[in-house]
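*Asks:* Here is the input, now give the coordinates:
(chains A and B)
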Amino acid sequence: MNKIWLFFMLLSSAALADSKQPDAQYCLVCHGSAAQGNAAIKAPNLSILPDWYLRQQFVAFRNNWRGGAADDAHGKEMQAVANTMNNAEIEQAIAFIRRQAPVELSADLSGQADLQQGQKLYQQCQACHGANGEGNAQLHAPPLAGQHNWYLVQQLSAFKNGWRGSQSNDSYGQMMRQFAQSLPNDQAIADVVAYIDSLPLPNR
Amino acid sequence: MSNYFNAPLTRRQCLGLLAKAGSSSAVLGAAGIFGLTNAPVSASPVMLKPLQGKNRKVLILGAGISGLTAAYELERAGYSCKILEASHRIGGRVLTLRHGDFIDELGSPQICPFDDAPNLYFNAGAARIPAHHTGILHYCRTLGIELQLFSNHNKNCYTQDDAAFNGQPVRIREYEADMRGFIGELLAKSATAGATLDQPFDEQDLDKFIQFAQAYGDLDSNFTYRGTDRAGYAAGGVTSPAILKQPRPLPDLLRSDFCTGAMHFAEIADQAPALMTPSGGMDSIVKAFLRQLTTPIQLHCQVSNIQLQPHGVAVTYLKQGESYTEQADYCLNCIPAQLVSGIENNLPADYVAIMRQLGRGKLTKIGLQAKQRFWEQEDIYSGISWTKQDITQIWYPHHDAFKAKGILLGAYSWEPQISDRFAAMTHQQRLATAIAQGTKVHANYAQHIENGVSVCWQRMNHMLGCGAVWTEELQKTGFKLLQAPAGNHYLIGDQLSLHPGWQEGAVRSAWHALADIERREALRSTGAGA
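*Replies:* Numbers count the residues shown, from 1 in each chain, chains lettered A, B, ... in the order given. Prediction:
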């Protein structure tokens, strides 16, 4: 019998929870090895998101503004994690994501979307999210350019159906919900997301 | 009662009935967890030829059953291996929980609160081995693992359905005996009306068929079902005359969904008796591999990049924030496909596209520590009770009868919606739900339960799923592609088998990849020698 396995068994029983590691490497399990997101887990691209927005979303998950809806299984996954993190751990996670270089995703042109129509629809978005989808910290509007198109579709639908933006103290969410509701149907969502998808990645 | 079935049954209708029965078990099979209804054809264990002085390095990503199998076979043939494991432990979804074990569920980390005793363990992942899973049994045999019998079907357990019998639990023994009685009566009486069969059996066939129906249902000489001792006695039977239980009316039995589903669970190839399980917990298999292996296993190594190279593979991983890169001739990758799709790589796009389409298996298991083995007072030793509530099943330990305490399985669901509901709860809420629902099966359940663990596999760190979910369509278009190597990289694990969620799938996927590596090594040798 060799001793190596014994060593590892001891190591494993003494192991710290991965999720308590100070380097927050655990974020990458779901969000991808460069924080670029993962379609299979429905985890968004974090590498393009500024600190203030990440912090704001931790607040949203902990306040049940996100992940509160009964059928929002993906939102609930992140909410459960957010609820186990204290403020120091949240700041560590944000600092860890800050160290990841923004990952530009190649635009997905496979959908049946009307870019021109999308550009028209985007006019009402740009007041807050910027003409190039770069976001606006003063208005608490996140950057959109560089985000996965499936994630944008998912979130516009979530605002529309009230999974997000329907709680009275979530004022930014409520505002976004009004705009999402003005998109008449799935085609309009697909069009505006296709336009956002065509925007180049701005500087963070 | 006896007039229920006077309508004659033609042979065609009879066959139709049988086909329906077949399709209902096929539906069970398609539910994922149960595996396919076809038993896997046994395979000869892989036996790699020694490398004879050549240097070949293999990186194995993941220390579950497929990774351990690969390392064991490769190192015996002289390959130099290293296993990188992302989590804090070895074994993957072979997870036997005991006192003090850490359960790394994202958002719901737990420490196993069971008392520290050898009989108090819970197989939160793999739990049973059917006899035709010859791959994993090959290792049980060669590694000297002691096996015990495991029971999926115990007639003394209960079936509970709010829609039937006022929600009261009924012994499976009684339910099945009555159901078979009615079926036997139906068969016997319709066969007697043989004149209407459009293709009648001959006299001998008919006689035998009626005898079968009589034996199947335990009918009286008039082919009428009047109850049977198979259902258990209402009273007496040993030193005083037996009094049979009154048969429950067929319409009452039919109100329960037991007859259309769970009653046939142990007919499924992978779930049928006799099943086996290692003494002391399923992780005996993992420990046995580790006793043999000299291959180093590095824990906490989270893979961040996989690059195919002209003659090998480069793998980059993070270990406590530091990045390391290793090169190897081959890479055997057991990382769940849903996580590989988030790891930087230069794998072919069509290969990664299939991984993105694979579903994440959603399974929840709850283990409960009972301070008394109250089930033994109800004549239950091992087996499964069924309920239509979310907990779906209660398992009783097959081992250590009459000990002071025991670990029950308090819930096991493979329905994605049910598992989502458990995942959305806190750990304490999950336990409270398991106890509340279990109370419909055992009235004083709550007073016996001391503590518990809950494992939602779709939330477990470094896994995020249990058993890849292949749609029929994706299996047709993508399975062979994903099973084939991409350069010198092989994706393996139970995910690359038609038995996802079974150790057999993990072993056989490893053997499949190893056979291909050996074939390529043979080609390289002849190429070099020419």
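*Asks:* what about chain A, any weak spots by pLDDT?
*Replies:* Low-confidence segments of chain A, defined by pLDDT under 70: A:1-23, A:107-110, A:203-204.
*Asks:* can you tell me which residue is nearest the centre of it?
*Replies:* The centroid of chain A falls nearest to residue A:44 when counting by Cα atoms, centre = their mean (4.2 Å).
*Asks:* does the residue lying closest to that residue once chain neighbours are set aside sit in a helix, a strand or a coil?
*Replies:* On the basis of Cβ to Cβ, 6 or more residues apart in numbering or on different chains, the spatially nearest residue to residue A:44 that is not a chain neighbour turns out to be residue A:151, at 4.4 Å. Just so you know, the C-beta spots here come from the backbone N, C-alpha and C atoms, and that holds for glycine as well. Three-state secondary structure (criterion: DSSP: H, G, I helix; E, B strand; the rest coil) places residue A:151 in helix.
*Asks:* Tell me which residues touch the residue nearest to the centre of chain A, please.
*Replies:* Applying Cβ atoms under 8 Å, 6 or more residues apart in numbering or on different chains to residue A:44 gives the contacts A:31, A:37, A:147-148, A:151.
*Asks:* Equivalent analysis for residue B:510, please.
*Replies:* When contacts are counted by Cβ under 8 Å, 6+ apart, residue B:510 touches B:46, B:66-67, B:69-70, B:73, B:332, B:492.
*Asks:* distance of it from residue A:47?
*Replies:* Taken as Cβ to Cβ, to the nearest Å, the spacing of residue B:510 relative to residue A:47 amounts to 35 Å.
*Asks:* next one: residue B:377
*Replies:* Between residue B:377 and residue A:47 the distance is 59 Å, computed by Cβ to Cβ.
*Asks:* out of these two, which sits in the busier spot?
*Replies:* For the pair residue B:377 and residue A:47, the greater number of neighbours falls to residue A:47 (23 against 8), based on other Cβ atoms under 10 Å in any protein chain shown.
*Asks:* Distance of the residue nearest to residue A:44 relative to chain B?
*Replies:* Computed with Cβ to the nearest Cβ, to the nearest Å, the distance linking residue A:151 and chain B is 13 Å.
*Asks:* surely that residue meets residue A:37?
*Replies:* Yes: distance between residue A:151 and residue A:37: 6.8 Å, which falls inside the contact criterion (Cβ atoms under 8 Å).
*Asks:* Mutual contacts of the two, please.
*Replies:* Here residue A:151 and residue A:37 have A:44-45 as joint contacts, going by Cβ under 8 Å, 6+ apart.
*Asks:* out of these two, which sits in the busier spot?
*Replies:* Neighbours per residue (other Cβ under 10 Å) separate residue A:151 from residue A:37, with residue A:37 holding more: 24 against 18.
*Asks:* need the contact list for residue A:79.
*Replies:* With contacts defined as Cβ under 8 Å, 6+ apart, the neighbours of residue A:79 are A:61-62, A:64, A:66-68, B:107.
*Asks:* Let me know the helix or strand that it is in.
*Replies:* When elements are defined using DSSP states H and E, residue A:79 is found to belong to helix A:73-84.
*Asks:* which parts of that helix are buried?
*Replies:* Within helix A:73-84, the residues that qualify as buried by neighbour count (16 or more other Cβ atoms under 10 Å in any protein chain shown) are A:73-82.
*Asks:* just stretch B:423-432 next, same as before
*Replies:* Counting neighbours by 16+ other Cβ under 10 Å, one finds that the buried residues in stretch B:423-432 are B:423-425, B:427, B:430-431.
*Asks:* is that stretch anywhere near chain A?
*Replies:* Yes: using Cβ under 8 Å from any Cβ of the partner chain as the criterion, contacts between stretch B:423-432 and chain A involve B:423-424.
*Asks:* Would you quantify the distance from the residue in chain A that chain B sits nearest to to residue A:62?
*Replies:* Using Cβ to the nearest Cβ, residue A:80 is the residue of chain A that sits closest to chain B, at 2.5 Å. In this structure, residue A:80 lies at 11 Å from residue A:62, with Cβ to Cβ as the measure.
*Asks:* Which residues are in contact with whatever residue of chain B ends up closest to chain A?
*Replies:* Per Cβ to the nearest Cβ, the residue of chain B with the smallest distance to chain A is residue B:107, at 2.5 Å. Contacts here follow Cβ under 8 Å, 6+ apart; on that basis residue B:107 touches A:77, A:79-84, B:459.
*Asks:* please redo it, this time with the cut-off set to 10 Å
*Replies:* When the contact criterion is Cβ atoms under 10 Å, 6 or more residues apart in numbering or on different chains, the partners of residue B:107 are A:19, A:76-85, B:423, B:426-427, B:456, B:459, B:461.
*Asks:* Let's verify it: helix, strand, or coil?
*Replies:* Recorded secondary structure, residue B:107: coil (three-state DSSP).
*Asks:* Which pLDDT value belongs to it?
*Replies:* Note for residue B:107: predicted pLDDT of 94.
*Asks:* Now it: closest residue in space, sequence neighbours ignored.
*Replies:* Ranked by Cβ to Cβ, 6+ apart and with sequence neighbours excluded, the top spatial neighbour of residue B:107 is residue A:80, at 2.5 Å.
*Asks:* Which positions in the stretch 101-250 of chain B make contact with chain A?
*Replies:* Residues of the stretch 101-250 of chain B lying close to chain A (Cβ under 10 Å from any Cβ of the partner chain) are B:101-109, B:111.
*Asks:* Tell me which two of these sit farthest apart.
*Replies:* Distances among those were taken as Cβ to Cβ; the most separated pair is B:101 and B:107, at 18.1 Å.
*Asks:* Pull out the buried positions in the longest helix seen in chain A.
*Replies:* When chain A is parsed with DSSP state H, its longest helix is helix A:115-129. Taking 16+ other Cβ under 10 Å as the basis for neighbour counts, the residues of helix A:115-129 that come out buried are A:117-119, A:121-122, A:125-126, A:128-129.
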